[in-house]
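Undergrad: Give the three-dimensional model of this entry:
(one chain, ligands or ions: 2)
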Amino acid sequence: MPRPIVVDGVELVAPERGHNLPPAAFTSPAVFELEQRAVFAKSWVHVADLVDLPQPGSFVAASIGRTPVVVVRDRHTGELRAFLNACRHRGAQLLEGKGTCDKQIKCPYHAWSYGTDGALLGVPYRDEFDCDASQMGLVPVRVGTIGPLVFACLDAAAPPLEAWVGELTAAIAHTTSWQLGFELEYELPANWKLFVENANDGYHIQFVHDVLTDLLAPDSGVTVLEPHGAYSWANVNPSYVPPDFGPPENAKIRFGCVFPNIIPVLSPSDLTYIRVDPVAHDRLKLFARSFDDGGALHLREFRKLAFQRTTDQDIAVVVRTQKGLHAHGLPAGVHASRLEERIGHFERMWADALGAEPAPKRHLAVAP
Ligand code: FES
Ligand SMILES: [Fe+2]
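TA: Ligands and ions are numbered 1, 2, ... in the order given. So this is what the prediction gives:
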């Protein structure tokens, strides 16, 4: 039975159609803490790409929300494995960054060592410990790949990765062999959900962006809502399609969002994603990568410049929104039924994850 969630004096309920979450959902440290358990610990989250894990022993230290995890390519089987990035002795983080680990993963604190399969192999002064070493391996985490992307999940009960990603799975899988074109990182003072919502916002484009605002053919957009994501696709404006491009149905761009925090954009020749990492209630990091089919390398630099320009423009409005949402007494906002439909879907997925009950009448109930 769903129950009201009261956090920081605000009763969070799933927003009614056309209405948004209350500002406190974006400004409250307590809501942010709740999200760690209810959203990030329950979802498949992008943690790395196959280019980071080319050979046996390759590893990437990553995080699911604020939970540190490490993805490792097993030295013996070549399989990808993921574990909590925390030593079973007293919890020290084992690996940082990315690279290739030694034959064993050795803890920097008291030198316990683990195999790349997670098994505990070495304990200095072993006879001082009253524990069964066979039960003290690294804590495993679910891991899976779609195309070049690697995801991990802390929840054994979450659906399989392909079901989570939904219809975008096949299109992303198609890009497995594409090359890394560019990568960029940003950090900004805003709640992670605001950036995800901006990426689901088809309303701001003509007012905020100046690069290729006519790239898409007007009125060709179609939106698909799925249990753990949503995407829109639209036709490329015919004036941008090269004459020898092939069937016009190939000239589509898909703008996706896989809950909770990855935003893939797919065109016929490139896949660019932004992952939005939550740092604090009012701070996020962006990690973006672009893969392309290598067929038009002269366009790679252009794509990077266009990406940087549009991302800078998005960051500016998202940071201003975070500032505005701190206004005491501001009621919850509203969203456009078609142009911001995916924002409403994202907020419903978020409210479902928290176990909030559906809105009884109006979108927001503020506790007295
Ligand atoms: S915390 Fe890792 S060996 Fe002590
Ligand atoms: Fe934008």
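Undergrad: only C-alpha atoms for contact and neighbour calcs from this point on.
TA: Will do.
Undergrad: Return the list of helices and strands in contact with the lengthiest helix in the chain.
TA: For the chain, the helix with the greatest residue count under DSSP state H is helix 298-325. Packing partners of helix 298-325 (3 or more Cα pairs under 8 Å, 6 or more residues apart in numbering; DSSP states H and E): helix 24-27, strand 179-188, helix 192-199.
Undergrad: what about 6 Å?
TA: Where contact means 3 or more Cα pairs under 6 Å, 6 or more residues apart in numbering; DSSP states H and E, helix 298-325 is not packed against any helix or strand.
Undergrad: The nearest residue to Trp44 once chain neighbours are set aside pairs with what?
TA: The shortest distance from Trp44 to any non-neighbouring residue, by Cα to Cα, 6 or more residues apart in numbering, is to Cys153 (4.5 Å). Applying DSSP bridges to Cys153 gives these bridge partners: Trp44, Arg142.
Undergrad: Surely Cys153 and Thr145 touch.
TA: No: using Cα atoms under 6 Å, Cys153 is not in contact with Thr145; the gap is 11.5 Å.
Undergrad: ok, the two, which is more surrounded?
TA: Cys153 (26 against 19; other Cα atoms under 10 Å).
Undergrad: list the contacts for that one?
TA: Neighbouring residues of Cys153 by Cα atoms under 6 Å, 6 or more residues apart in numbering: 43-44, 142.
Undergrad: Quick one, which of these are buried?
TA: Buried members of the contacts of Cys153, scored by 16 or more other Cα atoms under 10 Å, are 43-44, 142.
Undergrad: which among those gets closest to ligand 1?
TA: Set against ligand 1, the nearest of the buried ones among the contacts of Cys153 by Cα to the nearest ligand atom is Arg142 (22.3 Å).
Undergrad: thought the closest one was touching Ala152?
TA: Yes: under the criterion of Cα under 6 Å, Arg142 makes contact with Ala152 at 5.4 Å.
Undergrad: Point out the residues in the chain that sit beside ligand 1.
TA: Those residues of the chain that sit near ligand 1, judged by Cα under 6 Å from any ligand atom, are 87, 89-92, 107, 109-112.
Undergrad: what's the helix or strand for Ala353?
TA: Using DSSP states H and E, the element containing Ala353 is helix 341-354.
Undergrad: domain parsing for the chain?
TA: As recorded under automatic domain parsing, the domains making up the chain are 1-43+177-368, 44-153.
Undergrad: Just send those domains back as TSV, with mean pLDDT too.
TA: Formatted as TSV, these follow (pLDDT from 0 to 100):
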stretch	mean pLDDT
domain 1-43+177-368	88
domain 44-153	97
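Undergrad: Please identify which of those domains is closest to Leu161.
TA: Distance to Leu161, taken as Cα to Cα, is lowest for domain 44-153 among the domains of the chain, at 6.7 Å.
Undergrad: residue contacts, the nearest residue to Asp270 once chain neighbours are set aside?
TA: With Cα to Cα, 6+ apart as the criterion, Asp270 has its nearest non-adjacent residue at 4.1 Å, and that residue is Asp292. Asp292 is in contact with 178-179, 269-270, counting by Cα under 6 Å, 6+ apart.
Undergrad: of all those residues, which two lie farthest apart?
TA: Taking Cα to Cα as the measure, these span a maximum distance of 10.6 Å, between Gln179 and Ser269.
Undergrad: Starting from Asn85, give me the distance back to Gln135.
TA: The gap separating Gln135 from Asn85 is 17 Å, by Cα to Cα, to the nearest Å.
Undergrad: go on, Leu120?
TA: From Leu120 to Asn85 the distance is 14 Å (Cα to Cα).
Undergrad: overlap in contacts of the two?
TA: By Cα under 6 Å, 6+ apart, no residue touches both Leu120 and Asn85.
Undergrad: From the buried ones among the contacts of Cys153, pick the one nearest Glu301.
TA: Trp44 (31.4 Å).
Undergrad: how much space is there between the closest one and Asp127?
TA: With Cα to Cα as the criterion, Trp44 and Asp127 are 40 Å apart.
Undergrad: circling back to that earlier point, would JSON lines of the residues of the chain next to ligand 1 with secondary structure and distance to Val317 be doable?
TA: Output for these, formatted as JSON lines (DSSP: H, G, I helix; E, B strand; the rest coil; distance: Cα to Cα, whole Å):
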{"residue": "Cys87", "secondary structure": "coil", "distance to Val317": "41"}
{"residue": "His89", "secondary structure": "coil", "distance to Val317": "45"}
{"residue": "Arg90", "secondary structure": "coil", "distance to Val317": "43"}
{"residue": "Gly91", "secondary structure": "coil", "distance to Val317": "39"}
{"residue": "Ala92", "secondary structure": "coil", "distance to Val317": "38"}
{"residue": "Cys107", "secondary structure": "coil", "distance to Val317": "43"}
{"residue": "Tyr109", "secondary structure": "coil", "distance to Val317": "44"}
{"residue": "His110", "secondary structure": "coil", "distance to Val317": "47"}
{"residue": "Ala111", "secondary structure": "coil", "distance to Val317": "47"}
{"residue": "Trp112", "secondary structure": "coil", "distance to Val317": "48"}
